[in-house]
Every structure is written in structure tokens, then in C-alpha cells.
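Q: curious how this folds, go ahead:
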Amino acid sequence: MPRPASTNVRGNKYPMVTPDGRAMFSVRAPQAKEVVVDICNKKYKMTRGFMGEWTVTTDPLVVGFHYYFLNIDGVAVADPMSDSFYGCGVMTSGIEIPESASDAAYYTYDKSIPHGQVRECHYWSEKEQSMRRCFVYTPAEYETKKNAKYPVLYLQHGMGEDERGWHQQGKMAEILDNSIAAGKSVPMIVVMDYGNCGYIFGKLRGETRDQFGASFGPVLIDEVIPYIESHFRVKTGKDNRAMAGLSWGGKQTFDITLANLDKFSYIGAFSGALFISPNADFNTLYGGVFADADKFNKQCKYLFMGIGTEEGDGAKNAVNLLRSHGINAVYYESQGTAHEWLTWRRCLNEFIPHLFKK
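A: As a prediction, this is how the structure comes out:
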């Protein structure tokens, strides 16, 4: 039997998900002439029924979280019966096509284990002359072990998303809670800040690829890290800091950490937009940090690159290239997934057990 999607606004029957992964949509728009659902790179024309109720059932969709839009007479809008999420540079709708309970266990709320907190924090940016916002995860024991200090993972969203993404779409709190409770990961603090890339590249006329989101680096180094270290009980120093990001956030992670190896020891890119050419000059790539492999391997305790199998071989080729130059790099594939949140949830789950281990 079809069941209401977990991403619905509470109390709404639709959208629904069938046992074989189809999504069923219903929208009341009595004045509309055409209504279309745009999901997973495919458009489904809806059929008008009684009292202007428009309905459609999609083809089977791949498991995981998917953004979608309603297009009513040519205007793209969010579905009022779905929760809204910031993605694709706008507030839009999202639907979760569930995996099996066993496959989804690592990002599912477990009532039998202790749970951390996610706090919304505001701080003043002198660089931007404005208030900024970050979300900070603290592990369950943070409230009871009052003298304990914790290492920090700085975790970035991708292009067209913002600091809410990892907490809402990415289910990072459940992933951290479950991994820590299982003894796989050490208790840590996770900071999710806005990467200054919440719009789609090309929106700002004249902005180059290298400029897109680049202003976040100085903010992170000079303002975010000092704010976290003055407001939370954290361990300081490079061996107690990690950074990872998805898609464009992966590019930002490489750009920032490889220029600041005195501040970070753990690096992760999930479907990272890295643009490492097979003909790259390792004497100049990322300022030459890979030129001396032995030195880099001592500075960086863990370098991780993950990607979905449906995204191509870019990450695999980059890892093989790095390895051919003596760089210790770990490669992970998420089976059957593309450039999507299920890939990044899996990458995070694979990445965090390797952090901050003695």
C-alpha cells in the first residue's frame, strides 16, 4: 500500500510513495490549465480530476532524497503539502524515497541511544559587515561531561544549498549519533556554515569559477574557527580539526585545507568539484602541496574522496593520479547513487570513523 512520504507537511496524505518507489502527487489547482511535476530530471504531466484535483504517479524513483518542483501554468512553485528545503538556489520541495530499514539504519533516529543537539548560532562578520549563521552539532555527552573538550569537523554544503542542508537533507545528526553510539567514531563537534555559494554559478555576471564561493575561505579561517573556539569546548590545533564538503563544498574544502595544512589534518571531498587534470603539474597544483609526497602524508592524516557510481570516474581518476605521485588517498564509491544526498550521507558515514583517532 502507498504511504505518505516522510517529508510531507504533517497531516498531509500526499505525496505518497508506493512499495516499488513510485511517487504519487495530488495538487488542488481548479483554475490551472496545466500542472507538471518536475523530479529526477523528468517532467510528469498531471491529470485534472474532480474539483480541479490534479494527480500523477511517477516511474519508480531511485532511493534517497530528491528535490522537486510543481509547474503550474509555466510557473515553478513548491508543493504546499511537502516540507520545503533550500536547494537549487531556491526554497523547493523534497521527497524521501525510502531504502530498506537495514540500509537506512545509519541515518535513522534510534530511540535506544543518546542523542546530540544541533544549535543555530548567529555571529557578526567583520569581513562581510553582516550577521552570519551556522549550525553546530554537539555530541550527546557534551551536556554531561562539562570539562571535556572535543575535536571539530567543519562540514560544507554544495552549490545552490546553504548551512541547513547537512542538518535537514543530509541527516548528519542521526549519522553522527549512530556512529558515535556504536563506537565507530569519536565524539566530535560538527560546524555547518554558509559557504557563500548558495546560488547557481553564472547568476552573478562576470564571476569566474575560481571566484565562486572563494570569499568563504577567509571567513572560515579568521572568523568561524575563532568563534567556535571561543563559544564551545573544543580542542585546538590542526590534529583536532577536519574539513569536508559535498560537490562545490568539496572544492572549497580542498582550496581551504590545502592552503592551510598548519590548521587541518583531515580532509574529505564528497562528489567534490575538484578539476584535477591528468596532466596537472604537481609542482604547482594547489600551491605545490603534493610535490613532496612524504611531507604531505605526514601533514595530512586522512585524505578521503567519495562519489556515487552514477557520477562517472572523476573522483576515481583523481585518487589514482594522487596515488601515482605517492599521496595517500582513500577512495569510496556509493553504489547505485548519483550526485545526490544519499551519496553524501554514505560518504559522511564512511568518513567520520577515521577522524581524530590516535
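Q: from here on, just use CA atoms for contacts and neighbour counts.
A: OK.
Q: neighbours of the nearest residue to Asn8 once chain neighbours are set aside, how many?
A: Nearest residue to Asn8, sequence neighbours excluded (CA to CA, 6 or more residues apart in numbering): Ser82, at 4.3 Å. By the criterion of other CA atoms under 10 Å, Ser82 has 22 neighbours.
Q: next, the contact list for Ser82, please.
A: Going by CA atoms under 8 Å, 6 or more residues apart in numbering, Ser82 touches Thr7, Asn8, Val9, Tyr14, Pro15, Ser93, Gly94, Ile95.
Q: nearest to Gly206 among those?
A: Ranked by distance to Gly206 (CA to CA), these are led by Ser93 at 30.3 Å.
Q: which of the helices or strands spans the closest one?
A: Assessed by DSSP states H and E, Ser93 sits inside strand 90-97.
Q: which other helices and strands contact that strand?
A: Here strand 90-97 touches strand 64-72, strand 84-87, going by 3 or more CA pairs under 8 Å, 6 or more residues apart in numbering; DSSP states H and E.
Q: centre of the chain to it, how far?
A: Here strand 90-97 shows a centroid-to-chain-centroid distance of 14 Å under the convention CA atoms, centre = their mean, to the nearest Å.
Q: quick one: the helices in this protein?
A: In the chain, the segments counted as helices under DSSP state H are 101-104, 165-168, 172-181, 216-219, 225-231, 248-257, 293-299, 314-324, 341-351.
Q: contact partners of the first one?
A: For helix 101-104, contacts defined as CA under 8 Å, 6+ apart pick out Pro98.
Q: now it - C-alpha only, CSV.
A: Taking Å, rounded to 0.1, in the frame of the first residue of the first chain, the C-alpha atoms of helix 101-104 are listed here in CSV:
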residue,chain,number,x,y,z
ALA,A,101,15.3,-0.3,7.1
SER,A,102,18.7,-2.0,7.4
ASP,A,103,20.2,0.1,4.7
ALA,A,104,18.8,3.3,6.2
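Q: can you tell me how far Lys295 is from Gly326?
A: 11 Å (CA to CA, to the nearest Å).
Q: who's more crowded, those two?
A: Set side by side, Lys295 and Gly326 show more neighbours around Gly326, with 16 against 12, by other CA under 10 Å.
Q: local confidence estimate at the more buried one?
A: For Gly326, the model assigns a pLDDT of 96.
Q: so who does it touch?
A: Contacts of Gly326 by CA under 8 Å, 6+ apart are Ala293, Asp294.
Q: picking that back up, among the helices and strands packed on strand 90-97, single out whichever gets nearest to Ser185.
A: Nearest of the helices and strands packed on strand 90-97 to Ser185, taken as CA to CA: strand 64-72 at 23.7 Å.
Q: identify the neighbouring strands of that closest one in the sheet and state each direction.
A: strand 35-39 (antiparallel), strand 75-77 (antiparallel), strand 90-97 (antiparallel) (DSSP bridges).
Q: need those in a markdown table (columns: mean pLDDT).
A: As requested, the strands paired with strand 64-72 are exported to a markdown table (pLDDT from 0 to 100):
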| stretch | mean pLDDT |
| --- | --- |
| strand 35-39 | 96 |
| strand 75-77 | 95 |
| strand 90-97 | 95 |
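Q: show the contacting residues for Gly74.
A: Glu34.
Q: isn't Ile276 right up against Lys316?
A: No - look at Ile276 against Lys316 with CA atoms under 8 Å: they stay out of range, at 11.2 Å.
Q: if we can go back for a sec, mind putting the contacts of Ser82 in TSV, distance to Gly49 and neighbour count included?
A: Below are the contacts of Ser82 laid out as TSV (distance: CA to CA, whole Å; neighbours: other CA atoms under 10 Å):
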residue	distance to Gly49	neighbour count
Thr7	25	21
Asn8	22	22
Val9	23	17
Tyr14	15	22
Pro15	16	26
Ser93	23	24
Gly94	24	26
Ile95	23	24
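Q: what's the closest of these to Ala23?
A: The closest of those to Ala23 turns out to be Pro15 (CA to CA; 6.7 Å).
Q: any idea how far Ala182 lies from Thr138?
A: Look at Ala182 and Thr138: by CA to CA, they are 17 Å apart.
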